[in-house]
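Asker: this is a predicted model, with the sequence first.
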Amino acid sequence: MSKATSYDQDFLLWTQQQAEYLKKGYWAELDVEHLVEELEALGRSEQKELGSYLQVLLMHLLKCQYQPERRTKSWDNTLSNCRDQIQDCLEDTPSLQRFLQDSVWIQKYYRRACRDAAKETQKSVENFPAECPFIIEQILDPSFLA
């Protein structure tokens, strides 16, 4: 095996080498500390991706509810795309479903959606409910606010 590349020196090459070590069973060569770090970060990344789509979806639901006269096909496309992306996230990583049942987690992204909706609608954040007014079934339902 060639000389190991440092995690900090060339990340892509490091990942390829680590994968090769795993395939060949070269356990002593593995950079376990950084592998654990990267695996944990990967899980957080999946969760953040889901949250990002949820935030955009919630923002558009608020916009549709509070400024229906300004609704455009672009908003409808965003609603559909976010729902599709959320569905893809859940299909790829079913364990993410638990976050959509966590009211504290949803509230985090709802607060951010309110902030963004306030900017886009030129309304005060106080115009929107303090707690998320939608249940998860509504949020994910393609016919909700259609």
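Answerer: Yep, it's here. Residues are numbered from 1 along each chain as shown.

Asker: need the per-residue pLDDT for Ser45.
Answerer: Turning to Ser45, the model gives it a pLDDT of 93.

Asker: secondary structure element holding it?
Answerer: Using DSSP states H and E, Ser45 sits in helix 32-66.

Asker: next helix or strand past that helix?
Answerer: helix 73-92.

Asker: how far off centre is the helix or strand just after that following helix?
Answerer: As assigned by DSSP H and E, the chain's next helix or strand after helix 73-92 is helix 97-100. Distance of helix 97-100 from the chain centroid (CA atoms, centre = their mean, to the nearest Å) equals 11 Å.

Asker: ok, residues contacting helix 97-100?
Answerer: Gln47, Leu50, Gly51, Leu54, Leu90, Trp105, Ile106, Ile136, Leu140 (CB atoms under 8 Å, 6 or more residues apart in numbering). Where you see a C-beta, it was placed from the backbone N, CA and C, and this is true even at glycine.

Asker: on that earlier part again, and the helix holding Ser45, how far out from the chain's middle?
Answerer: 2 Å.

Asker: remind me what that helix packs against, helices and strands.
Answerer: Judged by 3 or more CB pairs under 8 Å, 6 or more residues apart in numbering; DSSP states H and E, the packing partners of helix 32-66 are helix 11-24, helix 73-92, helix 97-100, helix 103-121, helix 136-140.
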